[in-house]
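Chemist: Have a look at this fold, sequence not included:
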């Protein structure tokens, strides 16, 4: 019997990207995958989490579920807290109890965005939004509880699935002759498929046992950063989408103050990927080449 791997959040961008890879690749045939969406495992209900793991055991869990409605979180702090913090603590306790490896996905929003050079994993977090604060509390709970596993922070995630910046821009290009996009927020557009491959790579590399126990490493839960290579503003990202997709919609650069949102965004959230590249020998694609892949996938889905 192969290793048992559970993906939580199977209907999100990352969950669906993981499903796409597993269904089309022959690399992971020795792993038995279970994909759980909110119907099977709703992180907003602690009892449902407890009940689920009464009946199911896994070698590895990838937690790709999160409350990610950044602006809505400002008016729903309790729900964001339950999904991004309390549920993560509960999963970490369960993982530790059952000696299961836990890969937990976190966010660049744990930082305040005041840097001018890429953020390293060990820099002090200082979240500026309810969403960022809830995600940081989830990280801290997992580190405190100390199951086998690691935290992977990412940002600016997009894919051919669900709602995201790429899909929004393509829709607006159909509806309008010109749009405004902020040019003073800097980060790295990250294709969910690339992140999904990285997570599977980590799950594979730390195999047998899936992760070294804390007693062996004395290090506890490691934190890594993953994003595509390169740097862009949202304006740059939008320009690239229209250029590759051959859309004629005009883009006007604006500053964040001209587009106020309930949640404060980091002005700079570029992540240093040196640690994850060294540890897992990852080759990370440049963001524009991954964007091209995504746009091709969107075309094929609608072709």
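Modeler: Yep, it's here. Treat the numbers as computed from the prediction; the structure is a model and nothing was measured.

Chemist: Now the element after the lowest-mean-pLDDT helix or strand in the chain, going C-ward?
Modeler: Least confident helix or strand of the chain, by mean pLDDT, DSSP states H and E, is helix 214-217 with a mean of 43. Where DSSP states H and E defines the elements, the next helix or strand beyond helix 214-217 is strand 222-225.

Chemist: Which strands border that next one, and is each parallel or antiparallel?
Modeler: Strand 222-225 sits in its sheet next to strand 149-154 (parallel), going by DSSP bridges.

Chemist: quick one: average confidence on the helix or strand following the partner strand?
Modeler: Toward the C-terminus, strand 149-154 is succeeded by strand 157-158 as the next helix or strand (DSSP H and E). The average of the pLDDT scores along strand 157-158 is 98.

Chemist: can you check stretch 23-42 too?
Modeler: 92.

Chemist: contacting residues around that stretch?
Modeler: Outside stretch 23-42, the residues that touch it by C-beta atoms under 8 Å, 6 or more residues apart in numbering are 1-11, 15, 18-19, 21-22, 48-49, 52, 56, 58, 65, 200, 203-204. C-beta here means a position set from N, CA and C on the backbone, and glycine is covered the same way.

Chemist: Show me which positions of it end up buried.
Modeler: The neighbour-count check on stretch 23-42 (16 or more other C-beta atoms under 10 Å) flags 28, 31, 33, 35, 36, 37, 38, 41, 42 as buried.

Chemist: For residue 204, see how far away the nearest residue to residue 261 once chain neighbours are set aside is.
Modeler: Excluding its sequence neighbours, the residue lying closest to residue 261 (C-beta to C-beta, 6 or more residues apart in numbering) is residue 71, at 5.4 Å. Distance, residue 71 to residue 204, by C-beta to C-beta, to the nearest Å: 36 Å.

Chemist: Is it correct that residue 104 falls within a strand?
Modeler: Yes: counting by DSSP: H, G, I helix; E, B strand; the rest coil, residue 104 is located in a strand.

Chemist: Is it correct that it is in contact with residue 152?
Modeler: Yes: if you go by C-beta atoms under 8 Å, residue 104 and residue 152 touch, sitting 7.3 Å apart.

Chemist: Got phi/psi on residue 61?
Modeler: Backbone torsions for residue 61, taken as degrees, to the nearest 10, come to phi -120, psi 130.

Chemist: what does residue 160 give?
Modeler: The phi/psi pair for residue 160 (degrees, to the nearest 10) is phi -80, psi 0.

Chemist: Find me the pLDDT at the residue lying closest to it once chain neighbours are set aside, would you?
Modeler: Take residue 160 and drop its neighbours on the chain: the residue closest to it by C-beta to C-beta, 6+ apart is residue 297, 4.1 Å away. Note on residue 297: pLDDT of 96.

Chemist: Need the contact partners of the helix or strand where residue 297 lies.
Modeler: Residue 297 belongs to helix 287-301 when elements are defined using DSSP H and E. By C-beta under 8 Å, 6+ apart, the residues outside helix 287-301 that reach it are 158-160, 166-167, 170, 188-191, 193-194, 228-230, 232, 237, 240-241, 244-245.

Chemist: Quote the end-to-end distance of stretch 278-290.
Modeler: By C-alpha to C-alpha, to the nearest Å, the extent of stretch 278-290 from end to end equals 21 Å.

Chemist: quick one: it to chain centroid distance?
Modeler: Distance, stretch centre to chain centre, for stretch 278-290: 15 Å (C-alpha atoms, centre = their mean, to the nearest Å).

Chemist: Check stretch 42-62 too.
Modeler: For stretch 42-62, the distance to the chain centre is 20 Å (C-alpha atoms, centre = their mean).

Chemist: okay, and for the stretch 101-250 of the chain, where does confidence drop off?
Modeler: Scanning the stretch 101-250 of the chain with the threshold set as pLDDT under 70 gives 206-219.

Chemist: swap the cut-off to 50 and go again
Modeler: 207-210, 212-218 (pLDDT under 50).

Chemist: If you count surrounding residues, which of residue 71 and residue 204 has more?
Modeler: residue 204 (17 against 14; other C-beta atoms under 10 Å).

Chemist: Which of the helices or strands spans the more buried one?
Modeler: Using DSSP H and E, residue 204 sits in helix 192-205.

Chemist: helices or strands up against that helix?
Modeler: Contact here means 3 or more C-beta pairs under 8 Å, 6 or more residues apart in numbering; DSSP states H and E; on that basis helix 192-205 packs against helix 13-24, strand 60-63, strand 101-107, strand 149-154, strand 157-158, helix 274-280, helix 287-301.

Chemist: Can you add distance to residue 252 and give these back as CSV?
Modeler: Formatted as CSV, those follow (distance: least, C-beta to C-beta, whole Å):
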stretch, distance to residue 252
helix 13-24, 27
strand 60-63, 39
strand 101-107, 28
strand 149-154, 28
strand 157-158, 21
helix 274-280, 36
helix 287-301, 21
